[in-house]
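> Have a look; sequence and predicted model below, questions after that.
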Amino acid sequence: MHVALLEVELFIPFAHSLKDKRMVVRRIVDRLGKFNVAVAEVAHQDVWQRAGLGVVAISTTAAHVEQQLAAAAAEIDRVEPGLVTRTSVEFLT
């Protein structure tokens, strides 16, 4: 069993309230549902223009987990281009 965590940090310059930020985060979370990963906002919950997302995938092979997280990161960048400031992947085996 292989488990991996993708940490994504976003900067949302056009968000002028938590409601604006939540709309962006919700759009991302909804779109990642098709990738069979778990997604949660894990950092900067009370900051208007920043968001920290945690995306977790689990599979029998490390290559499949890496592929799932790469697809999720690409989808985030496709849905909200230019907002990703940092990503990191950590394997938790």
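Thanks, I have the structure now.

> Just list the residues touching Ala73, thanks.
Applying CB atoms under 8 Å, 6 or more residues apart in numbering to Ala73 gives the contacts Leu6, Val8, Val55, Val84, Thr87. (Each C-beta comes from the backbone N, C-alpha and C, glycine too.)

> out of these, which is most surrounded?
Highest neighbour count within those, by other CB atoms under 10 Å: Val55, with 26 neighbours.

> Mind pulling up the pLDDT for the closest residue to Ala38 other than its chain neighbours?
With CB to CB, 6 or more residues apart in numbering as the criterion, Ala38 has its nearest non-adjacent residue at 4.6 Å, and that residue is Val56. Note on Val56: pLDDT of 96.

> cool, and the one 5 residues further on?
According to the predicted model, the pLDDT of Thr61 comes to 91.

> contacting residues around it?
His2.

> circling back: which residues does the helix or strand in which the residue nearest to Ala38 is found contact?
Secondary structure from DSSP states H and E places Val56 in strand 50-59. Strand 50-59 has contacts (CB under 8 Å, 6+ apart) with 1-12, 21, 24-25, 28-29, 32, 35-44, 65, 68-69, 72-73, 76.
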